[in-house]
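[1] fold the stuff below for me.
(one chain, ligands or ions: 1)
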Amino acid sequence: MLYLSTRGHTDRRHFCEILLEGLAPDGGLYLPERYPQVDSITLAKWRGLPYHALAFEILSLYIDDIPPADLRAICRKTYTEEVFGTPAIVPLKKLEGPSTSSGRTAAGSGQTAVYLEALSNGPTLAFKDMAMQLLGNLFEYELARRGEELNILGATSGDTGSAAEYAMRGKKGVRVFMTSPRGRMSPFQQAQMFSLQDANIHNIAIEGVFDDCQDIVKAVSNDLAFKREYRIGTVNSINWARLVAQVVYYFAGYFQATDPSTGSGQADKVSFAVPSGNFGNICAGHVARMMGLPIAQLVLATNENDVLDEFFRTGVYRVRASADTHETSSPSMDISKASNFERFVFDLLERDAGKLNQLFGEALSRDGRFDLSGDAAFENIRTRYGFISGKSTHGDRLATIRDTWERFGTMIDTHTADGLKVARQFVQPGVPMVVLETALPIKFAATIVEALGREPDRPAKFAGIEALPKRVTVLPADVERVKAFVAAQCG
Ligand SMILES: *Cc1c(COP(=O)(O)O)cnc(C)c1O
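    This next block holds a predicted model:
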């Protein structure tokens with residue numbers, strides 16, 4: 001399988017050539033030349049595979065430059081019960097709908113089943129672990145093979161940074177330098193990151209806000225000499241390896257929701273609802289659907305930062321200014337533009353790189369917006385691609401968290417609440433709706449207390465982490481000081 005750029009760059013690359021890279025040389029995003037097709041016979045064969053074996057089957061369709069035995073070993077080592085808490089790795093939990101096992105019908109009988117798919121039982125309790133844990137093992141493998149080192153520099157306001165650190169800790173050939181705005185993450189998130197004592201993990205608390213951290217990372221990446229000398233890389237959500245790792249749990253969710261013994265056995269299609277920010281998670285759903293997985297609808301949920309909901313409703317994509325980006329109680333969805341969105345638009349435009357350049361290369365930088373409402377392609381969004389969208393607010397989150405707790409005894413986090421709220425608007429009779437649970441409530445305790453008047457349960461392994469010794473360096477929002485720090489650790 002070869003990869004091309006959404007902006008039309010003519011080079012074609014193999015998987016491991018793009019693994020350690022961010023954007024393509026022309027500023028586009030990498031996509032496979034075509035989506036491998038999975039028919040019903042293959043689906044039947046894959047049903048019942050353990051998660052790591054399913055991951056191998058799917059990844060091997062996209063990776064032709066790692067020997068199969070090695071790739072299989074990487075998948076097996078990544079997706080373990082020890083790391084992800086259950087043998088199923090991404091277990092489904094039925095919230096409502098007919099009960100099948102007992103023959104009796106549960107409350108809400110006759111309703112279509114609504115499930116939560118747990119993607120947040122990994123080391124940092126958010127779905128980013130699903131892909132990042134694989135990335136850590138792929139990086140270690142590829143760097144060893146090349147005899148190279150990599151210094152990952154990133155900026156985080158929470159979930160991404162901790163997922164990256166827990167994926168890369170102790171990995172040979174990799175150092176992580178993670179900047180975060182000093183004192184602005186929740187105490188739990190700070191404890192998660194700063195308590196890591198691994199020698200290759202470096203926390204840098206910047207005296208500033210998240211934008212300062214991002215600006216520093218950008219400035220360092222634009223210093224090509226420094227970048228080359230110190231082998232600076234990133235692990236942000238545009239990385240294709242992260243995206244393809246996420247495709248696996250759409251298949252795993254589908255198999256469980258259509259399992260005759262436990263799920264809604266008679267259903268032949270499933271819909272997914274996805275709390276969305278940078279469009280990485282739901283883009284993996286799009287890829288799964290393009291491969292032939294029977295997905296009826298891909299329901300995109302935003303919070304008050306509704307740049308994507310606006311596009312899917314109106315065809316207008318309008319990037320927000322920082323000042324118009326709201327700080328919400330589902331902070332991992334607080335985005336001003338969606339960095340993976342270009343991948344979907346490329347497919348929507350029948351992979352016309354010229355047209356894509358006009359939109360993302362020209363119109364966005366000139367006007368900060370583009371409008372596809374008059375384009376024939378826009379008609380295809382619902383019909384051919386299955387996308388539909390909705391928005392959820394702070395009040396919706398509180399109400400959904402409360403309702404889910406009272407009716408089902410299940411505590412959900414704020415992002416998952418956005419997904420569930422929007423999912424309910426689009427449930428179709430007989431089509432199971434799987435809502436992706438993207439984080440556990442303990443990460444966003446303040447809003448849980450606001451909704452339920454009680455603290456969320458804390459998994460045992462996180463008891464008392466706020467009291468652990470912290471390993472963090474405080475630096476001013478100054479690019480040169482950050483560069484000097486990186487250089488000193490590499491010396
Ligand atoms: C990152 C994140 C999201 C948004 O995912 P995207 O891939 O950026 O759309 C949603 N919920 C949580 C908890 C996250 O950490």
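
[2] near the ligand, which residues of this structure are found?
    By CB under 6 Å from any ligand atom, the residues of the chain that approach the ligand are 126, 128, 159, 237, 275-281, 332-333, 415, 438-439. Placement of C-beta: from N, CA and C, glycine included.

[3] do you know how far the residue nearest the centre of the chain is from Gly419?
    Residue closest to the average C-alpha location in the chain (CA atoms, centre = their mean): Asn281, at 4.1 Å. Computed with CB to CB, to the nearest Å, the distance linking Asn281 and Gly419 is 10 Å.

[4] overlap in contacts of the two?
    Shared contacts of Asn281 and Gly419 (CB atoms under 8 Å, 6 or more residues apart in numbering): Val274, Pro275, Leu436, Thr438.

[5] from the residues you listed, pick the one nearest the ligand.
    Thr438 (3.4 Å; CB to the nearest ligand atom).

[6] for Pro32, phi and psi?
    Backbone torsions for Pro32, taken as degrees, to the nearest 10, come to phi -70, psi 150.

[7] bridged to it, which residues?
    According to DSSP bridges, the residues that bridge with Pro32 are Tyr3.

[8] since we're on it, how many residues are nearby?
    Residues near Pro32, counting by other CB atoms under 10 Å, number 17.

[9] kindly report the same for Asp129.
    Neighbour count of Asp129, defined by other CB under 10 Å: 25.

[10] which element is it on?
    Here Asp129 sits within helix 128-146, counting by DSSP states H and E.

[11] so what touches that helix?
    Residues outside helix 128-146 that contact it (CB under 8 Å, 6+ apart): 16, 19-20, 55, 66, 70, 74-75, 77-79, 83-84, 90, 119-120, 122-123, 149-150, 159-160, 163-164, 166-168, 171-174, 235, 239, 241-243, 245-246, 248-249.

[12] what mean pLDDT would you report for that helix?
    Taken as a whole, helix 128-146 carries a mean pLDDT of 97.

[13] quick check: next helix or strand after that helix?
    strand 150-155.

[14] can you list the low-confidence ranges for this protein?
    Applying pLDDT under 70 to the chain flags the ranges 99-110, 262-265.

[15] again, 50 this time
    The chain contains residues with pLDDT under 50 at 101-109.

[16] closest residue of the stretch 51-200 of the chain to the ligand?
    Of all residues in the stretch 51-200 of the chain, Asp159 sits closest to the ligand, at 3.5 Å by CB to the nearest ligand atom.

[17] okay, now that residue: neighbour count?
    Applying other CB under 10 Å, we find 26 residues neighbouring Asp159.

[18] tell me what the closest residue to it other than its chain neighbours is bridged to.
    The shortest distance from Asp159 to any non-neighbouring residue, by CB to CB, 6 or more residues apart in numbering, is to Ala126 (4.5 Å). Beta-bridge partners for Ala126, by DSSP bridges, are Ala439.

[19] which ones are touching Ala126?
    Per CB under 8 Å, 6+ apart, neighbours of Ala126: Ser120, Asp159, Ser162, Ala163, Ser332, Thr438, Ala439, Leu440, Lys443.

[20] recalculate using a threshold of 10 Å.
    119-120, 132, 158-160, 162-163, 189, 332, 413, 415, 437-440, 443 (CB atoms under 10 Å, 6 or more residues apart in numbering).

[21] so what does the residue of the stretch 51-200 of the chain closest to the ligand look like in phi/psi?
    Per-residue torsions, Asp159: phi -60, psi -40 (degrees, to the nearest 10).

[22] okay, Tyr230 and Pro25: tell me how far apart.
    Here Tyr230 is placed at a distance of 20 Å from Pro25 (CB to CB).

[23] more neighbours: those two, which one.
    Using other CB under 10 Å, the more surrounded residue of Tyr230 and Pro25 is Tyr230, with 21 against 11.

[24] quick one: which of the contacts of Ala126 sit in helices?
    Here DSSP state H is the test, and these give Met132, Asp159, Thr160, Ser162, Ala163, Gln189, His415 as lying in helices.

[25] Gly354 touches Gly8, doesn't it?
    Yes - counting by CB atoms under 10 Å, Gly354 touches Gly8, with 6.9 Å between them.

[26] any residues in contact with both of the two?
    Common neighbours of Gly354 and Gly8, using CB under 10 Å, 6+ apart, are Gly361.

[27] please identify which of the two sits among more neighbours.
    Shown here are Gly354 and Gly8; by other CB under 10 Å, Gly8 has more neighbours (17 against 10).

[28] what's the nearest residue to that one if we skip its chain neighbours?
    Looking at Gly8 with CB to CB, 6+ apart, the closest residue is Ala353, at 3.1 Å.

[29] and Tyr230, how far from the ligand?
    According to CB to the nearest ligand atom, to the nearest Å, Tyr230 stands 27 Å off from the ligand.

[30] same thing with Phe462?
    In this view, Phe462 and the ligand are 16 Å apart by CB to the nearest ligand atom.

[31] returning to what we had before: as CSV, the ones in helices among the contacts of Ala126 with distance to Gly208 would be great.
    Formatted as CSV, the ones in helices among the contacts of Ala126 follow (distance: CB to CB, whole Å):
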residue, distance to Gly208
Met132, 25
Asp159, 20
Thr160, 18
Ser162, 19
Ala163, 22
Gln189, 17
His415, 25
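
[32] ranking by neighbours, what's the top pick from these?
    When the ones in helices among the contacts of Ala126 are compared by neighbour count (other CB under 10 Å), His415 ends up highest, at 32 neighbours.

[33] contacts only, for it.
    Contact partners of His415, counting by CB under 10 Å, 6+ apart, are 120, 126-127, 159, 274-277, 301, 303, 328-333, 392, 397, 436-439, 443-444.

[34] what does Asp375 give?
    By CB under 10 Å, 6+ apart, the contact list for Asp375 reads Gly315, Leu348, Leu349, Lys355, Leu359.

[35] what are the ranges of the strands in the stretch 301-450 of the chain?
    Secondary structure of the stretch 301-450 of the chain (DSSP state E, counting those that start in this stretch): strands located at 316-318, 369-371, 387-391, 433-437.

[36] among these, which is the most enclosed?
    Greatest average neighbour count among the strands of the stretch 301-450 of the chain goes to strand 433-437 (a mean of 29), per mean count of other CB atoms under 10 Å.

[37] check contacts around the closest residue to Thr302 other than its chain neighbours.
    Counting by CB to CB, 6+ apart, Asp309 is the residue found nearest to Thr302 once chain neighbours are left out, at 4.5 Å. Contact analysis of Asp309 by CB under 10 Å, 6+ apart lists Ser276, Leu300, Ala301, Thr302, Asn303, Ile388, Ser389, Gly390, Lys391, Ser392, Val422.

[38] biggest separation within these, which pair?
    Farthest pair in these (CB to CB) is Asn303 and Ile388. Separation: 16.9 Å.
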